[in-house]
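Asker: Quick check, what structure comes out for this input:
(chains A, B, C and D)
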Number of protein chains: 2
Amino acid sequence: MVVSASKKRIRQESLLKELEKNPFLTDEQLASALEVSIQTIRLDRLAKGIPELRERTKHMAIDAQEKLQAIASEDIFGQLIDLDLGHSGISMLQVTPDMVLQKTGVARGHYMFAQANSLALAVIDAPAALTGVANVKYKVPIYTGANLVARAEVIRKQNDKYTVWVKIRNNNKEVFRAKFLIVSLSEERAGQK
Amino acid sequence: MVVSASKKRIRQESLLKELEKNPFLTDEQLASALEVSIQTIRLDRLAKGIPELRERTKHMAIDAQEKLQAIASEDIFGQLIDLDLGHSGISMLQVTPDMVLQKTGVARGHYMFAQANSLALAVIDAPAALTGVANVKYKVPIYTGANLVARAEVIRKQNDKYTVWVKIRNNNKEVFRAKFLIVSLSEERAGQK
DNA sequence: CAGATATTAATAGCTGGTACTAAAAGTGGG
DNA sequence: CCCACTTTTAGTACCAGCTATTAATATCTG
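Answerer: Predicted coordinates for the structure are as follows:
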């Protein structure tokens, strides 16, 4: 009994592994892969609460779609907390495990850049704007879980050119700062292509 | 004939729109939504080359999964074309529609920054490195379809500090340049490799 | 009205299952 | 070694959501 019970458990774990490798396997394919009958596969799926191929496929489609949409809707660049158009703005970005380099655990620099840059662009009071120049300084490495608060301030405006300072802090400690030179495109957006 | 042909065309376009809104509709649901018979729906699908629900679902699952994987494996920052460790490197990045701002059609600046920054880090001959300072200049707006070629060159090395220049070109025209000051972490944090 | 096109109906067969019943095989204890 | 029990396999009926095919009916158009 002990032996067969473990045989069963082992098979059910193999089943999970097979499906992890390729979730699009039919019961028939699984049966021949694990060298048991289809019925056994079905009992195992039942025991493990694994839905049938079609259900699995459908859920994969829906889940992946939602994830993609979350990425596309760019929560990545932080939430806008406060915005005084033309003057200043504040945004917040939570550092999640997928933003860091596995090797070092340090957040990739372009996330801070993206947060700062998009905030700087949001602050500009213009229908469309483009970053022209950026000077960036990373002061402290950032790790998972950090709650980055970016504060942008427009410090100069000359015609269609804006100078914006962005400082990012984590726990009230400045970890990043950037100066952006941004060009507003309000008039001449067809000028370049 | 003209009238009915257009009726048909209109219906087939409605069909596409319905499926765009909700790709998980069965022929039966589509039939009642468009107020025609199931057979008509099936003929329309045939005419338009629209696969059945299960095929659609499967392809969605696969496509979305692949996209997610591409994002996770960071093809986003370009493919490394050439790398002379410690000296120079070249990477390529194709600008896709989801990288641009809808408002202006211009690629978001942080993609170029990410491509340049990650290339600069890749070129450094060290187990781990961090960007300290970056000076960035966007010269020309980039649109969908652009094929960005970044070329990085280490121009100075002092102890654990590297200066790397990265220039990005599109059709042999320089569109972006950046200077990175990168700190290697080889001794203090990641001495082991 | 004829003739072409469009739509609907009806039927057989397929895949990949669920749900259920039952038989066969394996296993373990006394 | 046999009995009881678990595990595995087999078989049947049924389902959704189709494809493929044939045929009938409706609609339009000159």
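Asker: Can you tell me the closest non-neighbouring residue to the closest residue to chain B within chain A?
Answerer: Using CB to the nearest CB, residue A:64 is the residue of chain A that sits closest to chain B, at 3.3 Å. Every C-beta, even on glycine, is put in place using the N, C-alpha and C of the backbone. With sequence-adjacent residues excluded and distances taken as CB to CB, 6 or more residues apart in numbering or on different chains, residue A:64 is closest to residue B:64, at 3.3 Å.
Asker: so the one you found sits in a strand?
Answerer: No: counting by DSSP: H, G, I helix; E, B strand; the rest coil, residue B:64 is not found in a strand; it is helix.
Asker: can you tell me how far the residue of chain A closest to chain B sits from DNA strand C?
Answerer: Residue A:64 sits 19 Å away from DNA strand C, going by CB to the nearest atom of the strand, to the nearest Å.
Asker: and if you look at residue A:27?
Answerer: Counting by CB to the nearest atom of the strand, the gap from residue A:27 to DNA strand C is 4 Å.
Asker: these two touch, right, that residue and residue A:43?
Answerer: No: using CB atoms under 8 Å, residue A:27 is not in contact with residue A:43, being 10.6 Å away.
Asker: which of those two has more neighbours?
Answerer: residue A:27 (17 against 14; other CB atoms under 10 Å in any protein chain shown).
Asker: Which pLDDT value belongs to the more buried one?
Answerer: On pLDDT, residue A:27 comes in at 96.
Asker: Would you report the backbone torsion angles of it?
Answerer: phi -60, psi -40 (degrees, to the nearest 10).
Asker: Now for it: which residues touch it?
Answerer: For residue A:27, the contact set (CB atoms under 8 Å, 6 or more residues apart in numbering or on different chains) comprises A:38, A:41, A:42, A:45, A:52, A:53.
Asker: And what about the spatially closest residue to it that is not a sequence neighbour, helix, strand or coil?
Answerer: Nearest residue to residue A:27, sequence neighbours excluded (CB to CB, 6+ apart): residue A:41, at 4.8 Å. State at residue A:41, reduced to three classes by three-state DSSP: helix.
Asker: Give me the packing partners of the helix or strand of chain A with the lowest mean pLDDT, helices and strands only.
Answerer: Least confident helix or strand, chain A: helix A:2-21 with a mean of 82, by mean pLDDT, DSSP states H and E. Packing partners of helix A:2-21 (3 or more CB pairs under 8 Å, 6 or more residues apart in numbering or on different chains; DSSP states H and E): helix A:27-34, helix A:38-48.
Asker: buried residues in the first one?
Answerer: Pointing back at helix A:27-34 there. Applying a neighbour-count criterion of 16 or more other CB atoms under 10 Å in any protein chain shown, one finds A:27, A:30, A:31, A:34 buried in helix A:27-34.
Asker: Report whether that helix contacts DNA strand D.
Answerer: No: Helix A:27-34 lies out of reach of DNA strand D by CB under 7 Å from any atom of the strand, never closer than 7.5 Å.
Asker: tell me the angle that helix makes with helix A:38-48.
Answerer: 100 degrees (axes from the mean of the first three to the mean of the last three CA atoms, to 10 degrees).
Asker: Break chain A down into its domains, please.
Answerer: Under the assignment automatic domain parsing, the domains of chain A span A:2-72, A:77-184.
Asker: hey, which of those domains is tucked in deepest?
Answerer: Counting by mean count of other CB atoms under 10 Å in any protein chain shown, domain A:77-184 has the highest mean neighbour count of the domains of chain A, with a mean of 19.
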